[in-house]
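Trainee: let me see the structure of the following:
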Amino acid sequence: MVKIMLSGDLDYVDSDTMKAIMDDINEVERMLKALIKSLENKHLNP
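Mentor: Presented below is the predicted three-dimensional model:
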């Protein structure tokens, strides 16, 4: 993620694209956390 942020800081990526990338990263993070929580609950309640 640091490389992505750095590319935005260095203007290799425009701000609209950078916002879209960050939104996508946040969405994937949210989905992964939900998956992890779901798998943990399955393990506790077989």
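Trainee: point out where this protein drops to low pLDDT.
Mentor: Low-confidence segments of the chain (pLDDT under 70): 45-46.
Trainee: now the helices for it?
Mentor: Along the chain, counting by DSSP state H, helices occupy 2-9, 15-44.
Trainee: burial count for M5?
Mentor: By the criterion of other C-beta atoms under 10 Å, M5 has 13 neighbours. Every residue, glycine included, has its C-beta placed from N, CA and C.
Trainee: with V13 instead?
Mentor: When counting by other C-beta under 10 Å, one arrives at 17 neighbours for V13.
Trainee: quick check, central residue of this structure?
Mentor: Compute the mean C-alpha point of the chain, and by C-alpha atoms, centre = their mean the closest residue is I25, 2.5 Å away.
Trainee: hang on, that residue packs against I4?
Mentor: Yes: contact criterion C-beta atoms under 8 Å: I25 and I4 qualify, at 7.5 Å.
Trainee: ok, the residue nearest to the centre of the chain - contacts?
Mentor: When contacts are counted by C-beta atoms under 8 Å, 6 or more residues apart in numbering, I25 touches M1, I4.
Trainee: and it, how far from T17?
Mentor: Using C-beta to C-beta, to the nearest Å, one gets 13 Å for the distance from I25 to T17.
Trainee: what does I4 give?
Mentor: Distance, I4 to T17, by C-beta to C-beta: 10 Å.
Trainee: ok, K37 next?
Mentor: For K37 relative to T17 (C-beta to C-beta), the value is 31 Å.
Trainee: swap in L35?
Mentor: 27 Å.
Trainee: then L6?
Mentor: Taking C-beta to C-beta, one finds L6 at 14 Å from T17.
Trainee: same question, M1
Mentor: M1 is 15 Å from T17, by C-beta to C-beta.
Trainee: more crowded one of these two?
Mentor: More neighbours surround T17 than the other of M1 and T17, with 12 against 9 (other C-beta under 10 Å).
Trainee: what count of nearby residues applies to M22?
Mentor: 14.
Trainee: number of nearby residues for the residue nearest to it when sequence neighbours are not counted?
Mentor: Spatially, and ignoring its direct neighbours in sequence, M22 is nearest to I4 (7.8 Å; C-beta to C-beta, 6 or more residues apart in numbering). Counted with other C-beta under 10 Å, residues neighbouring I4 total 14.
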